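In: Next comes the sequence, and after it the predicted model I'd like to discuss.
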Amino acid sequence: MSTIRLLLEKKGHNVWSVAPDATVYDALRLLDERDIGALLVIRGEELVGILSERDYARKVALKGKTSMKTPVHEIMTDQVIVIGPERTIEQAMAIMTERRLRHLPVVENDQVIGVVSIGDLVKEIIADREFIIEQLESYIAGQRSGM
């Protein structure tokens, strides 16, 4: 069973973040530049929140606020669910499904070491299943040719 650590080794440990006092506009620009759906909100080295496109849509656009004047800390999700690197892909998928999350920060020894998305998990699960199928097909083909 694959772990979050192994997934991060494959995809990389990039963590895109913004300060809590940055404007929502600056955060949106970074989301666009990096083609990502969420940013971690970090003060110093402390994870204090997460800002997603969903937060923007629900807490700025629908509330009549402006992204140029609104600080990130006003709209971020401050109750951040995290996962440890030794947890399995399946455990991460269960957390994300149950909590309706699309991004999950990976924390080890109180330090953010990466972020996994629901897309990352789905890709990894598909790759694992394809590998198992290939191995089974190879085994079956070997059994038939050895008869």
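Out: Yep, it's here.
In: correct me, but Glu124 touches Leu7?
Out: Yes: at 5.4 Å, Glu124 and Leu7 qualify as touching, with contact defined as Cβ atoms under 8 Å. For every residue, glycine as well, the C-beta is placed using N, CA and C.
In: number of nearby residues for Leu28?
Out: Neighbour count of Leu28, defined by other Cβ atoms under 10 Å: 19.
In: Quick one: the strands in this protein, in order.
Out: 17-18, 38-43, 46-52, 103-108, 111-117 (DSSP state E).
In: With distance to Thr97 added, can I get those strands in JSON lines?
Out: Below are the strands of the chain laid out as JSON lines (distance: least, Cβ to Cβ, whole Å):
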{"stretch": "strand 17-18", "distance to Thr97": "25"}
{"stretch": "strand 38-43", "distance to Thr97": "17"}
{"stretch": "strand 46-52", "distance to Thr97": "16"}
{"stretch": "strand 103-108", "distance to Thr97": "11"}
{"stretch": "strand 111-117", "distance to Thr97": "13"}
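In: list the residues that contact both of Glu124 and Leu7?
Out: Ile89 (Cβ atoms under 8 Å, 6 or more residues apart in numbering).
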